[in-house]
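[1] sharing a model prediction with you, sequence too.
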Amino acid sequence: MIPIGDENNGRRLTPVVNYAIIVLNALVFFYMLTLSDTQVEDFVLRWGAIPNKVAHGHQLYALLTSQFVHGGWAHIGFNMLFLWVFGDNIEDTLGHYKYPIFYLICGIVAGLTQVFIDTSSTVPLIGASGAIAGVLGAYIVLFPKGNVRTLIFLGIFVTIVLIPAWIMIGIWIFLQFISGIGSLGVAQQTGGVAFFAHIGGFITGMILVWIFRNKAAHQRQLAARKDTRAFQRISFGG
């Protein structure tokens with residue numbers, strides 16, 4: 001399942017911060033494309049969060065910088081797609097100033113969660129997925145009944161269906177828990193997916209959104225989405 005859009009009715013703010021985060025990630029990635037393999041390795045070692053170093057109080061800045069470093073086209077592509085689909089709604093509810101703080105805190109806690117799980121690892125943690133997991137956590141709290149336009153692959157056939165956010169995001173986080181438990185005790189020295197970073201970011205987002213949200217903006221979005229669903233039932237007999 002790949003999300004390609006959601007209900008944006010009732011959004012008041014242009015999500016300039018969300019756009020800026022996406023652009024910054026893209027700029028860093030395109031810069032990395034200009035580097036040699038050796039330079040890329042040095043770049044990742046410098047700006048990625050290495051659990052063993054962070055656990056000993058070294059390179060703590062990397063918990064922040066690692067959120068803007070990606071390891072390939074698929075890595076950045078899927079991360080930015082999820083951020084594009086879900087981040088604008090969260091920025092609208094939190095506001096331009098609170099949203100980047102919320103986003104970065106989720107990313108930092110996500111990194112620390114993975115560090116806590118495997119303090120001996122020397123594999124750099126990179127990517128925005130921990131912070132984006134926080135955005136998903138906030139979304140499922142704020143808009144659990146929101147419909148997400150989702151690409152579904154059925155063999156050689158592809159279709160688009162509307163799936164409630166609580167189902168789509170719920171399946172995603174369930175898979176993170178299952179995969180995370182399965183990864184316990186497995187050597188990660190060759191890299192892989194930091195499942196516990198996703199879990200840590202997701203839970204952090206679910207909690208922090210109650211502190212950061214603008215209640216009036218949230219109620220406006222909920223009312224607009226409800227009106228849209230009512231219109232659809234009247235117009236199409238759904």
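    Structure's in. What do you need?
[2] centroid-nearest residue for this protein?
    In the chain, the residue lying closest to the centroid (C-alpha atoms, centre = their mean) is residue 132, at 1.4 Å.
[3] which residues does that residue contact?
    79, 82, 83, 86, 87, 201 (C-beta atoms under 8 Å, 6 or more residues apart in numbering). Bear in mind the C-beta positions are built from the backbone N, C-alpha and C, glycine included.
[4] ok, residue 170 next?
    residue 140.
[5] sorry, back to before: tell me the SS of the residue nearest to the centre of the chain?
    Applying DSSP: H, G, I helix; E, B strand; the rest coil to residue 132 yields a three-state assignment of helix.
[6] pLDDT score for it?
    Listed pLDDT for residue 132 reads 97.
[7] residue 101 now?
    97.
[8] which SSE is it in?
    helix 98-117 (DSSP states H and E).
[9] quick one: list the elements packing against that helix.
    With contacts taken as 3 or more C-beta pairs under 8 Å, 6 or more residues apart in numbering; DSSP states H and E, helix 98-117 sits against helix 16-33, helix 51-55, helix 62-65, helix 73-94, helix 129-142, helix 195-212.
[10] save these as a markdown table, and put in distance to residue 102 too.
    What follows is the helices and strands packed on helix 98-117, written out as a markdown table (distance: least, C-beta to C-beta, whole Å):
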| stretch | distance to residue 102 |
| --- | --- |
| helix 16-33 | 10 |
| helix 51-55 | 21 |
| helix 62-65 | 14 |
| helix 73-94 | 6 |
| helix 129-142 | 7 |
| helix 195-212 | 5 |
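[11] closest to residue 226 out of those?
    Set against residue 226 and scored by C-beta to C-beta, the helices and strands packed on helix 98-117 come closest in helix 129-142, at 13.6 Å.
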